[in-house]
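Engineer: Give me coordinates for this.
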Amino acid sequence: MKDEPHLQKLVSKIVRLPALPDNVLAIQRLIRAPDTTAETVGQAIARDQALSAQVLKLVNSGFYGFTTPVASIAHAVVLLGFGALKTLLVSTAAASLIGSAFPGLYPHSLTCARIAFILARRQGLDEPDELSAAGLLHDIGKMVLATHLPEEYEAVKKAVHERNLLFMDAETATMGVTHADLGAWLLAQWRLPAQTVEPIRRHHAFDPDAPFAERAAALHLADILARAEGVGDPGDSRIPRPDPRALAALGIGLPDIRPLMDEAFDQLTDLYSGDAAA
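Structural biologist: Modelled structure (predicted):
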């Protein structure tokens with residue numbers, strides 16, 4: 001990756017790696033154990049009242065598009081399975097980090113998550129719940145920037161406002177890397193699967209030849225459509241044009257965008273109510 005030296009330089013300035021909470025790490029270890037059952041995992045989560053409440057809030061926020069409320073952790077575990085649950089736990093922990101570090105970013109991220117799920121289901125992509133989680137986490141690099149690299153963050157914000165740049169273009173101009181690079185680095189440290197990390201890495205710089213290109217294309221488009229919906233604040237007021245190669249990877253043309261946005265709007269009323277805010 002051409003910006004790897006820039007990324008290493010920035011990462012070296014981070015004194016303490018943003019860490020997952022101990023309770024999330026413990027349950028992730030339990031999930032990885034070969035003899036663990038869904039009942040055991042459900043009981044472990046249920047014993048942690050704060051984590052249980054956070055998980056149920058996220059599951060019922062429109063994140064996965066369940067049509068009926070999920071009332072219990074046991075039900076959530078059965079519905080999701082271990083693979084999606086591991087990512088959901090990370091997403092739950094990340095939600096509070098994102099909301100506190102970068103005001104306005106969490107509603108945008110949740111909208112992106114929901115649109116990514118709709119896109120994945122509409123286009124027949126595998127594991128739409130995993131792509132939904134990638135949508136929630138796609139801008140977590142902005143949290144790293146805001147909380148651990150304050151000087152660079154201020155320079156980026158200044159470039160955004162003074163030069164009317166996209167956040168990612170301001171990052172490239174001032175740092176040589178973007179929040180997508182920082183986010184992918186952090187999520188790799190948190191041991192998320194490549195099918196989540198790589199689309200996040202490339203949700204702005206789409207590459208049709210990169211691993212998981214179809215999923216990256218869906219995340220790329222979901223981010224743009226979330227911006228167009230105007231929910232939350234991704235850090236700038238610009239709406240980039242979709243990469244034609246990403247649309248081609250998804251089998252979507254420009255005439256399909258408006259119906260897709262209408263479908264998303266119909267299914268996002270719970271997010272617009274404000275109930276899903278962090």
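Engineer: count of residues packed around Ala134?
Structural biologist: Residues near Ala134, counting by other C-beta atoms under 10 Å, number 31. The way it works is simple: take the backbone N, C-alpha and C, and place the C-beta from them, glycine included.
Engineer: Other residues contacting the host helix or strand of it?
Structural biologist: In this structure, Ala134 is located in helix 128-137 according to DSSP states H and E. Applying C-beta atoms under 8 Å, 6 or more residues apart in numbering, the set of residues contacting helix 128-137 from outside is 63-65, 80, 83-84, 87-88, 90-91, 94-95, 109-110, 112-117, 119-121, 125, 183, 187, 192-193, 195-196, 199-200, 215, 218-219, 222-223, 226.
Engineer: what bits of this protein have low per-residue confidence?
Structural biologist: Using pLDDT under 70 as the threshold, the predicted model of the chain has low-confidence ranges 1-3, 15, 17, 62-63, 65, 267-278.
Engineer: who's sitting farthest from the centroid in it?
Structural biologist: Asp35 (30.1 Å; C-alpha atoms, centre = their mean).
Engineer: gap between it and Val41?
Structural biologist: Here the criterion is C-beta to C-beta, to the nearest Å. By it, Asp35 lies 12 Å from Val41.
Engineer: on contacts alone, who are the packing partners of the longest helix seen in the chain?
Structural biologist: Ranked by residue count, the top helix of the chain under DSSP state H comes out as helix 73-101. When contacts are defined as 3 or more C-beta pairs under 8 Å, 6 or more residues apart in numbering; DSSP states H and E, helix 73-101 packs onto helix 22-32, helix 38-47, helix 49-58, helix 105-122, helix 128-137, helix 140-148.
Engineer: Export only the CA atoms of the helix or strand containing Ala155, formatted as CSV.
Structural biologist: Counting by DSSP H and E, the secondary-structure element that holds Ala155 is helix 150-163. Listed in CSV are the C-alpha atoms of helix 150-163, where the atom choice follows Å, rounded to 0.1, in the frame of the first residue of the first chain:
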residue,chain,number,x,y,z
PRO,A,150,-5.7,15.8,18.0
GLU,A,151,-3.2,17.9,16.1
GLU,A,152,-3.9,16.1,12.8
TYR,A,153,-7.6,16.2,13.5
GLU,A,154,-7.5,20.0,13.9
ALA,A,155,-5.5,20.3,10.7
VAL,A,156,-8.1,18.1,8.8
LYS,A,157,-11.0,20.1,10.2
LYS,A,158,-9.4,23.4,9.2
ALA,A,159,-8.8,22.1,5.6
VAL,A,160,-12.4,20.9,5.4
HIS,A,161,-13.8,24.3,6.4
GLU,A,162,-11.4,26.6,4.7
ARG,A,163,-11.1,24.7,1.4
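Engineer: Count the neighbours of Asp266 for me.
Structural biologist: Burial of Asp266, expressed as a neighbour count using other C-beta under 10 Å, amounts to 9.
Engineer: ugh, wrong one, Ala170
Structural biologist: Using other C-beta under 10 Å, Ala170 has 23 neighbouring residues.
Engineer: Report the buried residues of the helix or strand harbouring it.
Structural biologist: Under DSSP H and E, the secondary-structure element containing Ala170 is helix 167-174. When neighbours are counted by 16 or more other C-beta atoms under 10 Å, the buried residues of helix 167-174 are found to be Phe167, Met168, Asp169, Ala170, Glu171, Thr172, Thr174.
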